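S.K.: just a sequence and a predicted model for now, questions to come.
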Amino acid sequence: MGGGHSARKASFDAEGEVDFDHFQILRAIGKGSFGKVCIVQKKDTKKMYAMKYMNKQACIKKDAIRNVLREIDILQRIEHPFLVNLWFAFQDEEDMFMVVDLLMGGDLRYHIQQEIKFDEERVRLYIVEIAMAQDYLRSEHIIHRDIKPDNILLDEEGHVHITDFNIATVLQEGQLATSMSGTKPYMAPEVFDTAVDECPGYSYPVDWWSLGICAYEMLRGKRPYDIHSGTSLEDIRQGFTVPISYSSSWNEGMRNILKQLLTVDPAERISTFEDLKSHPFLSDLDPQKVLRREFKPTFVPAKDHLNCDPTFELEEMIIEAKPLHKKKKRLAKQNSKRESQNNLSGMDMDPLQLCLENINDEFKVYNREDVQREKQEKKRKEKLKELQKFGEELAFDSNKTETKKAESKKSAGTSRKAADKKATDKKDAKQLDIKSSSKQENI
Ligand SMILES: Nc1ncnc2c1ncn2[C@@H]1O[C@H](COP(=O)(O)OP(=O)(O)O)[C@@H](O)[C@H]1O
Ligand SMILES: [Mg+2]
């Protein structure tokens with residue numbers, strides 16, 4: 001993927017809107033059910049990012065367009081140290097792109113497959129970091145609905161970051177979610193209950209159940225329930241009636257937290273950070289320090305190799321029918337073909353073309369660099385205003401002092417004049433006295 005593309009000296013308009021041409025494609029690092037992910041470098045700033053891209057036609061076929069548009073919309077509104085944050089969103093004729101923070105430590109699925117079990121100290125910090133991110137999402141009225149090891153990524157220091165908001169939803173106050181969304185082995189009992197009309201809907205606690213399943217899987221190397229994509233709803237719901245077995249080798253506190261996360265009744269489940277942080281097993285993890293990433297994870301991902309399946313890159317180079325590194329040529333060809341045909345009016349378009357046109361209209365372009373610049377500019381203007389106000393106040397004060405000084409000078413002058421006058425009067429009076437006395441003498 002990287003070779004051919006990196007050799008290409010593409011011209012790009014550094015001043016114009018950020019698009020595909022602003023990035024150097026380096027290599028493929030991930031693949032999910034909707035998107036493919038590669039490492040890219042922004043040509044002007046040289047910063048590295050992960051670029052997730054989804055083919056529009058494939059999304060239309062899977063009826064997943066709404067999800068992608070909603071994912072971009074949600075990502076534009078959020079920012080947190082334990083989330084994967086969005087930097088740019090744009091589209092071209094073939095794909096929709098999201099450029100996000102690059103996490104080089106790999107996803108937890110990859111690490112579970114490599115190591116089987118994680119130590120308790122490591123899982124304890126992951127639980128707290130993920131819980132903080134989930135609490136933030138709750139404050140933004142967002143349910144993630146797909147918390148699972150594949151969607152939890154590690155940065156270079158080993159801290160966790162939640163990604164993939166493809167099936168996330170935003171709840172209105174008092175509203176419940178009702179669609180059966182998620183990945184079966186990680187989905188909470190109330191989601192299945194909702195699907196069979198045994199429950200009116202579900203809410204934020206579903207993400208906390210998924211966190212419990214993930215933590216259990218990290219510690220044990222397998223999940224507490226034997227649920228797979230093919231397991232029937234009946235069997236899944238029956239399974240939840242059987243108590244979970246917790247290893248006696250785990251710390252009592254850890255077992256207790258897992259039990260509280262994996263509580264079938266959502267009303268009884270730990271589902272806020274407030275609930276979680278009061279647990280004695282976590283009492284030494286000061287939340288503010290956790291947020292500032294002051295607790296160092298016991299596992300630091302390897303830096304001497306990429307923490308992902310190497311076949312992603314091979315697949316992209318060998319099997320992919322529309323490889324990213326040949327995009328420019330492909331689009332140019334398509335465009336010239338389109339131009340040679342007559343322009344189609346809305347009436348002549350086939351449904352697929354109409355859908356593609358709709359995506360073009362609804363897609364929200366995003367640029368966090370611009371947002372940050374605007375924020376900085378706003379801050380600068382506010383500071384300037386403050387300084388101006390301060391300056392005016394200062395000038396007003398010094399004016400006041402000057403006036404006072406002038407006034408006191410004036411009054412000093414007046415009193416001096418008065419004193420002088422008094423002295424003259426006194427002198428005159430004295431002279432008069434002398435004169436009158438001499439006059440008297442003369443009499
Ligand atoms: N920001 C990132 N940095 C590094 N790898 C990533 C990043 N985002 C995703 N990946 C990798 O790509 C995979 C698929 O991405 P994801 O956003 O989960 O797509 P999907 O919606 O298709 O599941 C992830 O499981 C992970 O391995
Ligand atoms: Mg995913």
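M.R.: On my side now, so go ahead. Numbering: from 1, shown residues only. Ligands and ions are numbered 1, 2, ... in the order given.
S.K.: which pLDDT does the model give the residue nearest the centre of the chain?
M.R.: Centroid-nearest residue in the chain: Glu79, 2.5 Å away (criterion: CA atoms, centre = their mean). pLDDT for Glu79: 96.
S.K.: show me what contacts it?
M.R.: Asn85 (CB atoms under 8 Å, 6 or more residues apart in numbering). Every C-beta, even on glycine, is put in place using the N, C-alpha and C of the backbone.
S.K.: so it versus Ser203, what's the distance?
M.R.: Distance from Glu79 to Ser203, counting by CB to CB, to the nearest Å: 23 Å.
S.K.: skip the chain neighbours and tell me the closest residue to Cys214.
M.R.: Nearest residue to Cys214, sequence neighbours excluded (CB to CB, 6 or more residues apart in numbering): Pro149, at 5.8 Å.
S.K.: so who does the one you found touch?
M.R.: Per CB under 8 Å, 6+ apart, neighbours of Pro149: Asp107, Leu108, Arg109, His111, Ile112, Cys214, Glu217, Met218.
S.K.: and it, what pLDDT?
M.R.: According to the prediction, Pro149 has pLDDT 97.
S.K.: roughly how far does it sit from ligand 2?
M.R.: 10 Å (CB to the ion, to the nearest Å).
S.K.: touching, His159 and Val84? I think so.
M.R.: No: counting by CB atoms under 8 Å, His159 does not reach Val84; the two are 11.6 Å apart.
S.K.: for those two, indicate the residue with more neighbours.
M.R.: Between His159 and Val84, counting by other CB atoms under 10 Å, Val84 is the more crowded of the two (23 against 20).
S.K.: quick one, phi psi at that one?
M.R.: phi -90, psi 120 (degrees, to the nearest 10).
S.K.: around ligand 1, which positions in the stretch 251-400 of the chain sit nearby?
M.R.: Counting by CB under 6 Å from any ligand atom, the residues of the stretch 251-400 of the chain close to ligand 1 are Cys308.
S.K.: which residues of the stretch 251-400 of the chain score low on pLDDT?
M.R.: Within the stretch 251-400 of the chain, the ranges that satisfy pLDDT under 70 run 340-349.
S.K.: can you show me the strands along it?
M.R.: Under the criterion DSSP state E, counting those that start in this stretch, strands of the stretch 251-400 of the chain are mapped to 366-367.
S.K.: give me the pLDDT for Glu115.
M.R.: So Glu115 comes in at 75 (pLDDT).
S.K.: what's the neighbour count on it?
M.R.: Counted with other CB under 10 Å, Glu115 comes out at 12.
S.K.: look up how far Arg255 lies from it.
M.R.: From Glu115 across to Arg255, the span is 21 Å (CB to CB).
S.K.: with Ser248 instead?
M.R.: 8 Å.
S.K.: so between these two, which is more surrounded?
M.R.: Between Ser248 and Arg255, counted using other CB under 10 Å, the more crowded position is Arg255 (17 against 7).
S.K.: three-state assignment of the nearest residue to the more buried one once chain neighbours are set aside?
M.R.: Of all residues not flanking Arg255 in the chain, Tyr246 sits nearest, at 4.6 Å (CB to CB, 6+ apart). Three-state call for Tyr246 (DSSP: H, G, I helix; E, B strand; the rest coil): coil.
S.K.: report how many residues lie close to Tyr246.
M.R.: 18.
S.K.: what do you get for Ile244?
M.R.: By the criterion of other CB under 10 Å, Ile244 has 17 neighbours.
S.K.: ok, it to Asn85 distance?
M.R.: Using CB to CB, one gets 34 Å for the distance from Ile244 to Asn85.
S.K.: before we move on, what about Thr194?
M.R.: 31 Å.
S.K.: who has more neighbours, those two?
M.R.: A count of neighbours by other CB under 10 Å puts Thr194 above the other of Thr194 and Asn85, at 20 against 14.
S.K.: wait, is the more buried one part of a helix?
M.R.: Yes: judged by three-state DSSP, Thr194 forms part of a helix.
S.K.: so it sits against Val206, correct?
M.R.: No: with contacts counted by CB under 8 Å, Thr194 stays clear of Val206, the gap being 9.8 Å.
S.K.: overlap of the contact sets of those two?
M.R.: By CB under 8 Å, 6+ apart, Thr194 and Val206 have these common neighbours: Ala177.
S.K.: what number of residues lie near the residue in the stretch 51-200 of the chain positioned nearest to ligand 1?
M.R.: With CB to the nearest ligand atom as the measure, Asp164 is the residue of the stretch 51-200 of the chain nearest to ligand 1, at 3.5 Å. Using other CB under 10 Å, Asp164 is surrounded by 24 other residues.
S.K.: sounds good, over and out.
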